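Participant: have a look at this prediction, sequence included:
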Amino acid sequence: MVKNVTAAELAEKVDADERFTLIDTRPADSFEAWHVRGAENVPYDPREGASEERLNEVDARVDDGPIVVICGKGLTSTPFGFELDERGYDDVSVVTGGMEAWSKLYEVVPVETANDDLVVRQVQRRAKGCLGYVVGSRRTGEAVVVDATRQTDRFKVAAQDAALSIAGVLDTHVHADHVSGGPALAAAVGVPYRLGERARERDVQYEYGPLSDGEIVEVGGVEIEVLHAPGHTTEMVNYLVDGEVLLTGDTLFVDSVGRTELQFGEDDASRGAELLYGSLHETVLELPDETRILPGHVTVTSDGRYENGSPGEPIVARLGDLRADLDLLGLDREAFVERLTENAPEKPPNYETVVAINTGRETVDDEGEATELELGPNNCAA
């Protein structure tokens, strides 16, 4: 009998290092671009059925344990699961919703703070490595959401579970790797949506409140200082929360810095790199070593691993440690610009369309289309 498992149940199996064989039935190119850690690729087309050769591949890879089958949306994995069942495998499960469901899997992680009034929740989108935040005041029960993804209910629940009500929604910048949920979340809960004031130069069509460099956003007794930090994009801002933690968006990660050519283009990427160098050395690195960096992404490899940290654990770094350990921060301006412009990684898929959606110049109303635009891990680090 073929059973169903959810993406969350699959994550529990992976994290617990349970003994099972995960078979991904998507075409080889889709598998190579992005898959769950530990998966084996056995491409399958239900119109053709499983050949004896394909089934022999499974026989060679399965070690007498349970089998879990996954595909793009759960459409091809199900008939493949039935073929395995008919072949005599008696513990076969299919992941409901496939990789599409995997791409929407979240963990909400508390971040420790020195201020008892300050509440910070890091909302991790596991498969893409997107990191959003709920930041609030325990005393007043108010919060802002920063860098919400389009699964906005995840942020509503994270706030609710922390006994906080959402009083505002902020984005650090116009995102290129995923559809922002910021405007939709703000509209849904009836609160202001805010971006850095330079966003007007990106032709943002959404109604938003502009945030200027040095402006203070108050959330109960918690103060959030806006720091203009151009480089990844011209309108990028970082948020210094209570002088304790810095939400860096795509300026600084725990293992790299933001790439600069997505907005500026290949021909002008050096200008973005120059701006980023200035933002890092004249703004971010001017802060105390004890400042904790909470980035907008964590790097996820094509085989589904976090490069730093683990899902369900806070992705955070002490600024002093990054200053000492991250070689990019030790380069002079010329070497930094050269490094960023000569070694740009592959661009995120569909990034131009995603940017057009996040500026409000295009819309995406179909859930399937939005999912297709976002499939795969983020690729915003240099």
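Facilitator: Good, I have the coordinates. Numbers count the residues shown, from 1 in each chain.
Participant: ranges for the helices of this structure?
Facilitator: Here the chain has its helices, by DSSP state H, at 7-15, 28-33, 52-61, 77-86, 98-102, 153-161, 182-189, 261-264, 269-282, 319-325, 333-342, 351-358, 367-374.
Participant: of all the ones you listed, which one comes closest to residue 228?
Facilitator: helix 269-282 (7.8 Å; CB to CB). Quick note: C-beta positions are derived from backbone N, CA and C, even for glycine.
Participant: what's the closest one in contact with?
Facilitator: Residues outside helix 269-282 that contact it (CB atoms under 8 Å, 6 or more residues apart in numbering): 228-232, 234, 236, 251-252, 257-258, 260-261, 263-264, 329, 333, 336-337, 340-341, 344.
Participant: among these, which ones are buried?
Facilitator: By neighbour count, with 16 or more other CB atoms under 10 Å, the contacts of helix 269-282 hold 228-232, 234, 236, 251-252, 257-258, 260-261, 263-264, 329, 336-337, 340-341, 344 as buried.
Participant: let's have the helices of the chain in JSON lines, adding distance to residue 202.
Facilitator: Output for those, formatted as JSON lines (distance: least, CB to CB, whole Å):
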{"stretch": "helix 7-15", "distance to residue 202": "34"}
{"stretch": "helix 28-33", "distance to residue 202": "28"}
{"stretch": "helix 52-61", "distance to residue 202": "48"}
{"stretch": "helix 77-86", "distance to residue 202": "40"}
{"stretch": "helix 98-102", "distance to residue 202": "29"}
{"stretch": "helix 153-161", "distance to residue 202": "23"}
{"stretch": "helix 182-189", "distance to residue 202": "14"}
{"stretch": "helix 261-264", "distance to residue 202": "8"}
{"stretch": "helix 269-282", "distance to residue 202": "13"}
{"stretch": "helix 319-325", "distance to residue 202": "28"}
{"stretch": "helix 333-342", "distance to residue 202": "21"}
{"stretch": "helix 351-358", "distance to residue 202": "8"}
{"stretch": "helix 367-374", "distance to residue 202": "19"}
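Participant: for those helices, which one sits closest to residue 294?
Facilitator: Short answer: helix 319-325, nearest of the helices of the chain by CB to CB, at 10.9 Å.
Participant: how about the residue nearest the centre of the chain, what does it touch?
Facilitator: Centroid-nearest residue in the chain, with CA atoms, centre = their mean: residue 130, separated by 1.2 Å. Applying CB under 8 Å, 6+ apart, we find residue 130 in contact with 124, 147, 149, 177, 178, 296, 297, 378.
Participant: and what of residue 80?
Facilitator: 23, 25, 42, 44, 46, 50, 69, 71.
Participant: check whether the second one really touches residue 46, as I assumed.
Facilitator: The one in question is residue 25. No. Checked against CB atoms under 8 Å, the pair residue 25 and residue 46 is beyond contact range at 9.1 Å.
Participant: overlap in contacts, the two.
Facilitator: Residues touching both residue 25 and residue 46 by CB under 8 Å, 6+ apart: 76, 80.
Participant: out of those two, which sits in the busier spot?
Facilitator: Ranked by neighbour count (other CB atoms under 10 Å), residue 25 and residue 46 place residue 25 first, with 28 against 16.
Participant: quick one: contacts for that one?
Facilitator: Residues near residue 25 by CB under 8 Å, 6+ apart: 42, 43, 44, 69, 70, 71, 76, 77, 80.
Participant: could the residues you listed go into CSV alongside pLDDT?
Facilitator: CSV is the format used below for the contacts of residue 25 (pLDDT from 0 to 100):
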residue, pLDDT
42, 93
43, 93
44, 91
69, 97
70, 97
71, 95
76, 91
77, 94
80, 93
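Participant: of these, closest to residue 302?
Facilitator: Of all the contacts of residue 25, residue 302 sits closest to residue 70, with 15.2 Å by CB to CB.
Participant: state the distance from that closest one to residue 20.
Facilitator: Look at residue 70 and residue 20: by CB to CB, to the nearest Å, they are 12 Å apart.
Participant: over to residue 230?
Facilitator: Counting by CB to CB, the separation of residue 230 from residue 20 is 47 Å.
Participant: then residue 368?
Facilitator: 29 Å.
Participant: who's more crowded, those two?
Facilitator: Shown here are residue 368 and residue 20; by other CB under 10 Å, residue 20 has more neighbours (18 against 10).
Participant: burial count for the nearest residue to that one once chain neighbours are set aside?
Facilitator: Nearest in space to residue 20, with sequence neighbours left out and distances taken as CB to CB, 6 or more residues apart in numbering, is residue 66 at 4.2 Å. Using other CB under 10 Å, residue 66 is surrounded by 18 other residues.
Participant: quick check on residue 66: phi, psi?
Facilitator: phi -60, psi 150 (degrees, to the nearest 10).
Participant: spit out the contact partners of it.
Facilitator: The contact partners of residue 66, by CB under 8 Å, 6+ apart, come to 19, 20, 21, 91, 92, 93.
Participant: in the stretch 101-250 of the chain, which spans are strands?
Facilitator: Taking DSSP state E, counting those that start in this stretch to define them, one finds strands in the stretch 101-250 of the chain at 106-111, 118-125, 130-137, 142-146, 165-170, 193-196, 209-211, 216-219, 222-228, 237-241, 245-249.
Participant: let's have those in JSON lines, adding distance to residue 286 and mean pLDDT.
Facilitator: Listed next are the strands of the stretch 101-250 of the chain as JSON lines, based on distance: least, CB to CB, whole Å; pLDDT from 0 to 100:
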{"stretch": "strand 106-111", "distance to residue 286": "22", "mean pLDDT": "97"}
{"stretch": "strand 118-125", "distance to residue 286": "22", "mean pLDDT": "98"}
{"stretch": "strand 130-137", "distance to residue 286": "22", "mean pLDDT": "98"}
{"stretch": "strand 142-146", "distance to residue 286": "21", "mean pLDDT": "98"}
{"stretch": "strand 165-170", "distance to residue 286": "22", "mean pLDDT": "98"}
{"stretch": "strand 193-196", "distance to residue 286": "19", "mean pLDDT": "98"}
{"stretch": "strand 209-211", "distance to residue 286": "19", "mean pLDDT": "97"}
{"stretch": "strand 216-219", "distance to residue 286": "18", "mean pLDDT": "97"}
{"stretch": "strand 222-228", "distance to residue 286": "10", "mean pLDDT": "98"}
{"stretch": "strand 237-241", "distance to residue 286": "11", "mean pLDDT": "98"}
{"stretch": "strand 245-249", "distance to residue 286": "11", "mean pLDDT": "98"}
